[in-house]
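> pasted the sequence and its predicted model underneath.
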Amino acid sequence: MAKKKRKKRKKKAVTAAQVKKESFKEKPEAKEKTSPKRQIKLVLFTIPVLVVLVGFLFFILLRPKSKVQRAENLNVVIITLDTLRADRVGCYGYDKARTPRLDELAEMGVKFENAVCQAPLTLPSHASIFTGLYPPSHQIRDNGAYYLDQGFQTLAEIFKEKGYNTAAFIGAFPVDSRFGLDQGFDLYDDEFKEEEKFKTFDSERRAGDVYKSFQEWFLENFQSQFFVWVHYYDPHLPYEPPSPYREQFSDPYDGEVAYTDFYVGEVIDLLEDKNVIDNTLVVVVGDHGEGLGDHKEIDHGLFLYNSTLKVPFMFYASQNLPAHKVITSQVRLIDVFPTVLDLLGMSISEGVQGESLIPYMEGKRKADLVSYIETFHPREMFRWAALRGIVDGRMKYIDAPKPELYDMEMDPEEDHNIYQEERLVASRLKRDLDGLIEKYSSGTSSRRVLSTEERERLMALGYVIDSSPSEGEFSDFADPKDKIDVWYTLQVARGLQRRGEEEKAEKLYQKGIELDPDCSLHYLFLGGLYLKADKLQEAYDVFKMGTRALPESIPLHDGLAKTSVQIGKYQEALNECEAILALNDRYFNALSLAGLVYNRLEENEKAIEYLQRAVRIEPENKLLLLDYARVLATSGRAEEAIDVYNRLKVHYPKDFRIYQNLGITYGNTGDLDKSIENLKKAIELRPTALAFFNLGVALEKTGRIEEAVRYLKAYLSSTPEGDTARKRMVQEKVAQWEKETNR
């Protein structure tokens, strides 16, 4: 049926009053229902909208933080990875790497793609990390013979002043406490090997042992606020990864890196297990890289190329720093110090030369930071020229007898020196470098300046010290590039020695001395080879020759002093110790060795003087303290000795020698009860003939004859002595007492 057309009604005009009236009327509910078809359309439209809304809410609530949030009470863990070049880590593009824990930290935190160290050497680089200063300021120019002055403020000192529990767990000798980086740490655990009185550059421990020490401390201290430094040394030469990494990697360096990565993860896991990870800032940074044959440099310290300067560098703080953040701008290790303080809302002193990297994390700054770089290792160990340089954006200038200039964007491998083609650029960078040196030098020489009296003392010992400066003047020194064959000979000899091919190594060391008699390392390693082979006279002769050629070389004097003791030349050993102390009055080995030699010569007051100075440098050295206490006791200063032994008991409660010596000292003072108590504890830990004898004597003096006889019999049955007067006396006494008892 056809629909009827509705007639259109004419609209009536509506007055303003009606509009107002209608607007306040209650509108009736619509009576018409939405059709099912329309309902389906509405649902179909609503579902994707809800999905989008829910997804958006999840994104807002669960997305990683994109902003930096400063927090005053964060814990801090700094993990330094010795000798790890950035391009051998997975997250830095190395597809052969097995570094899942470092990669995960980089993914979940802030990764700096282009971080450079200020010196490719362990001690100078760590000094820059913990002071925020360039080497010309903190004056640590090489490993082994420098000491961070107490006047410099370290990160640990700042956190200690804020009430933090501070602890460091060290992997190797180059950052031993004697070099001054222990400033501010409540605990500085640098015990590398048990029963090691004289540490050497071979003194180190694996990452697993460092982690174990950290773990023991952490489980007792994680509820306090803490500032911790964990130092892993494993990627350093020689590359000897433990199983199963040794078998899993064809390149042992990669195996060392993978092994180290595992223990980086163990630290993170421990923080997570104790629920402190969300309140902890973790900084992971390499101290320098490794040559691995680039530019013919096998290890590091000789040149200033990126293989030894570029390091992995990342920050992680789950609640305070953005995740998935990659920063390509050039930054420096001196920037660690101010960045940590800035994130924790602490003030940064004006003298700090690094800059906070927080603006880079916030995206407010992108410019490359200009960096000063240096290595004085060629000057210190080889008497070649020290190298200094500047990295400014894509350009690197190295000031050397034969200057170098590289465009690292066009030539990332630094194979093409463009100094001659770009003299104007080089001149500008040289002026900038000179300006940095002038601005940041502390005004003191990088080498200790000898007084007239000290120079005369050395001359009296037969040494004429080279007064050539180690900074600034290159004319008298060879360019390390021109000495690469000499250096390479040394490295090959070291490799042969490590593989047990001593005869071949010996010949190469001798060849090295002929090629360059001013290189101290050839003498050092050849002398060390002879010492290990028990060829004492040959070692003595090599060290003697070395000190004559290089009288300013402390390690050569050290080697000669120790060898002189072994062959019975005590006065010559003392002379060498004096020569060392004229060059460096804090040199631990010279102080402790002189103390022991004076004790052997029965000049105990002098022995105590030198041992006291050594103890001030290494107050945690157990063997040194045992020697010191023994000399005090035998010099009539028993109360001082007892104090040292009692302090040792607190730290080493299971060392029988401490109780044994303490018991004997108490016996000599007449305190027999304490003597008996400590000697019994010593025997409980490890029975010795000496403890049996002294305990028997103490018991006899208190009238406990039956018990005394038992211990003196134990002495007689265990002593290695032959027919000595003491042994005969004990035999007679025991026989007499037993006879009297049986009457």
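Structure's in. What do you need?
> so which residues of this protein form strands?
75-81, 110-116, 165-169, 187-189, 226-232, 280-286, 310-311, 313-316, 325-332, 371-375, 387-392, 395-399, 404-407 (DSSP state E).
> for Gln736, find the nearest of those.
When the strands of the chain are compared by C-beta to C-beta, strand 187-189 sits nearest Gln736, at 52.6 Å. From N, CA and C alone the C-beta is placed, and that goes for glycine too.
> about what we covered before: now the strands of the chain in JSON lines, with distance to Val340?
Shown next, in JSON lines, are the strands of the chain (distance: least, C-beta to C-beta, whole Å):
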{"stretch": "strand 75-81", "distance to Val340": "6"}
{"stretch": "strand 110-116", "distance to Val340": "13"}
{"stretch": "strand 165-169", "distance to Val340": "13"}
{"stretch": "strand 187-189", "distance to Val340": "19"}
{"stretch": "strand 226-232", "distance to Val340": "9"}
{"stretch": "strand 280-286", "distance to Val340": "7"}
{"stretch": "strand 310-311", "distance to Val340": "17"}
{"stretch": "strand 313-316", "distance to Val340": "9"}
{"stretch": "strand 325-332", "distance to Val340": "13"}
{"stretch": "strand 371-375", "distance to Val340": "19"}
{"stretch": "strand 387-392", "distance to Val340": "23"}
{"stretch": "strand 395-399", "distance to Val340": "27"}
{"stretch": "strand 404-407", "distance to Val340": "31"}
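> and those strands as JSON lines, adding mean pLDDT and distance to Ser128?
Conversion of the strands of the chain to JSON lines gives the following (pLDDT from 0 to 100; distance: least, C-beta to C-beta, whole Å):
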{"stretch": "strand 75-81", "mean pLDDT": "98", "distance to Ser128": "11"}
{"stretch": "strand 110-116", "mean pLDDT": "98", "distance to Ser128": "11"}
{"stretch": "strand 165-169", "mean pLDDT": "98", "distance to Ser128": "16"}
{"stretch": "strand 187-189", "mean pLDDT": "96", "distance to Ser128": "19"}
{"stretch": "strand 226-232", "mean pLDDT": "98", "distance to Ser128": "14"}
{"stretch": "strand 280-286", "mean pLDDT": "98", "distance to Ser128": "11"}
{"stretch": "strand 310-311", "mean pLDDT": "98", "distance to Ser128": "12"}
{"stretch": "strand 313-316", "mean pLDDT": "98", "distance to Ser128": "13"}
{"stretch": "strand 325-332", "mean pLDDT": "98", "distance to Ser128": "8"}
{"stretch": "strand 371-375", "mean pLDDT": "98", "distance to Ser128": "10"}
{"stretch": "strand 387-392", "mean pLDDT": "98", "distance to Ser128": "14"}
{"stretch": "strand 395-399", "mean pLDDT": "98", "distance to Ser128": "18"}
{"stretch": "strand 404-407", "mean pLDDT": "98", "distance to Ser128": "22"}
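> tell me which of these lies nearest to Phe656.
Of those, nearest to Phe656 by C-beta to C-beta is strand 187-189, at 22.7 Å.
> mind giving me the packing neighbours of that closest one?
strand 165-169, helix 207-221 (3 or more C-beta pairs under 8 Å, 6 or more residues apart in numbering; DSSP states H and E).
> quick one: closest of these to Val331.
strand 165-169 (23.6 Å).
> who does the closest one pair up with?
The pairing partners recorded for strand 165-169 under DSSP bridges are strand 187-189 (parallel), strand 226-232 (parallel).
> so can I have JSON lines of those showing mean neighbour count and distance to Leu343?
JSON lines is the format used below for the strands paired with strand 165-169 (neighbours: other C-beta atoms under 10 Å; distance: least, C-beta to C-beta, whole Å):
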{"stretch": "strand 187-189", "mean neighbour count": "18", "distance to Leu343": "24"}
{"stretch": "strand 226-232", "mean neighbour count": "25", "distance to Leu343": "13"}
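> returning to that earlier point: tell me which of the strands of the chain lies nearest to Lys680.
So among the strands of the chain, strand 187-189 is nearest, using C-beta to C-beta, at 31.0 Å.
> please produce JSON lines containing the strands paired with strand 165-169, extended by distance to Tyr164.
Converted to JSON lines, the strands paired with strand 165-169 look like this (distance: least, C-beta to C-beta, whole Å):
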{"stretch": "strand 187-189", "distance to Tyr164": "12"}
{"stretch": "strand 226-232", "distance to Tyr164": "5"}
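> can I get stretch 206-218 as PDB, trimmed to CA atoms?
This file holds the C-alpha atoms of stretch 206-218, laid out as PDB (Å, rounded to 0.1, in the frame of the first residue of the first chain):
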ATOM      1  CA  ARG A 206      89.700 -13.900  39.300                       C
ATOM      2  CA  ALA A 207      86.300 -12.200  39.000                       C
ATOM      3  CA  GLY A 208      84.800 -15.100  40.900                       C
ATOM      4  CA  ASP A 209      87.000 -14.500  43.900                       C
ATOM      5  CA  VAL A 210      86.300 -10.700  43.800                       C
ATOM      6  CA  TYR A 211      82.600 -11.400  43.600                       C
ATOM      7  CA  LYS A 212      82.800 -13.900  46.600                       C
ATOM      8  CA  SER A 213      84.400 -11.200  48.700                       C
ATOM      9  CA  PHE A 214      81.700  -8.700  47.700                       C
ATOM     10  CA  GLN A 215      79.000 -11.200  48.400                       C
ATOM     11  CA  GLU A 216      80.200 -11.900  51.900                       C
ATOM     12  CA  TRP A 217      80.300  -8.200  52.700                       C
ATOM     13  CA  PHE A 218      77.000  -7.400  51.000                       C
END
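> can you mark which positions in that stretch are buried?
Arg206, Ala207, Asp209, Val210, Tyr211, Ser213, Phe214, Trp217, Phe218 (16 or more other C-beta atoms under 10 Å).
> coming back round to it: out of the strands paired with strand 165-169, which comes closest to Arg657?
Across the strands paired with strand 165-169, closest to Arg657 is strand 187-189 (C-beta to C-beta), at 21.2 Å.
> which outside residues touch the closest one?
Thr166, Ala167, Ala168, Phe169, Ile170, Ser177, Asp182, Ser213, Trp217, Glu620 (C-beta atoms under 8 Å, 6 or more residues apart in numbering).
> between the helices and strands packed on strand 187-189, which one is nearest to Pro359?
Closest among these, using C-beta to C-beta: strand 165-169, at 27.7 Å.
> residues touching that closest one, excluding its own?
Taking C-beta under 8 Å, 6+ apart as the rule, strand 165-169 contacts 156, 159-160, 181-182, 184-190, 210-211, 213-214, 217, 221, 224-231.
> turn the helices and strands packed on strand 187-189 into TSV, including distance to Ile327.
Below are the helices and strands packed on strand 187-189 laid out as TSV (distance: least, C-beta to C-beta, whole Å):
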stretch	distance to Ile327
strand 165-169	28
helix 207-221	27
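> so which of the ones you listed comes closest to Leu333?
strand 165-169 (17.0 Å).
> who wins for proximity to Leu429 among the strands of the chain?
strand 395-399 (3.7 Å).
> relative to strand 387-392, how tilted is that closest one?
In terms of direction (axes from the mean of the first three to the mean of the last three C-alpha atoms, to 10 degrees), strand 395-399 departs from strand 387-392 by 160 degrees.
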